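Peer 1: Requesting a structural model of the entry that follows:
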Amino acid sequence: MIRIKLSDLLGKHKMNQKTLSRLTNIRPATISKMYYEETKRIDISQIDSICKALDCEVSELFEYIPDNHNSKP
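Peer 2: Below is the predicted model:
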């Protein structure tokens, strides 16, 4: 699973979703879906815009959490 850590980054930068939307030119509804980790797809250009606006690395925006599958051979 991939976790989108946008809420953490916005808190760290004391920025709200509306401001990020304005800075990145990404629709507020799209920012909201990312914030609440409800989005299924994100364009590379959106990732680039968010990283520029928040002065962060891609690795700060996303976290990989391995699935715990108890698969039997």
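Peer 1: Show me what secondary structure element comes after the lengthiest helix in the chain.
Peer 2: Longest helix in the chain, counting residues (DSSP state H): helix 44-54. Next along the chain after helix 44-54, taking DSSP states H and E as the criterion, comes helix 58-61.
Peer 1: Quick one: mean pLDDT over the next helix-or-strand element following that following helix.
Peer 2: Using DSSP H and E, the helix or strand that directly follows helix 58-61 along the chain is strand 62-64. Strand 62-64 shows a mean pLDDT of 96.
Peer 1: now stretch 10-28
Peer 2: pLDDT averaged over stretch 10-28 gives 98.
Peer 1: Run through who's touching it.
Peer 2: Stretch 10-28 is contacted by residues 30-32, 35, 46, 49-50, 52-54 when judged by C-beta atoms under 8 Å, 6 or more residues apart in numbering. No exception for glycine: its C-beta is placed from N, CA and C like everyone else's.
Peer 1: wait, Asp67 sits on Met1?
Peer 2: Yes: in this structure, Asp67 is within contact of Met1 by C-beta atoms under 8 Å, at 6.1 Å.
Peer 1: what residues are shared contacts of the two?
Peer 2: Both Asp67 and Met1 lack any common contact, where contact means C-beta under 8 Å, 6+ apart.
Peer 1: And the two? Which one has more around it.
Peer 2: Neighbour count, other C-beta atoms under 10 Å: between Asp67 and Met1, Met1 has more, with 9 against 5.
Peer 1: Identify the residues contacting the closest residue to the more buried one other than its chain neighbours.
Peer 2: The shortest distance from Met1 to any non-neighbouring residue, by C-beta to C-beta, 6 or more residues apart in numbering, is to Ile65 (4.8 Å). Residues counted as contacts of Ile65 (C-beta under 8 Å, 6+ apart) are 1-3.
Peer 1: And for Cys56?
Peer 2: Applying C-beta under 8 Å, 6+ apart to Cys56 gives the contacts 9, 50.
Peer 1: Quick one: distance of stretch 17-24 to the chain centre.
Peer 2: 13 Å (C-alpha atoms, centre = their mean, to the nearest Å).
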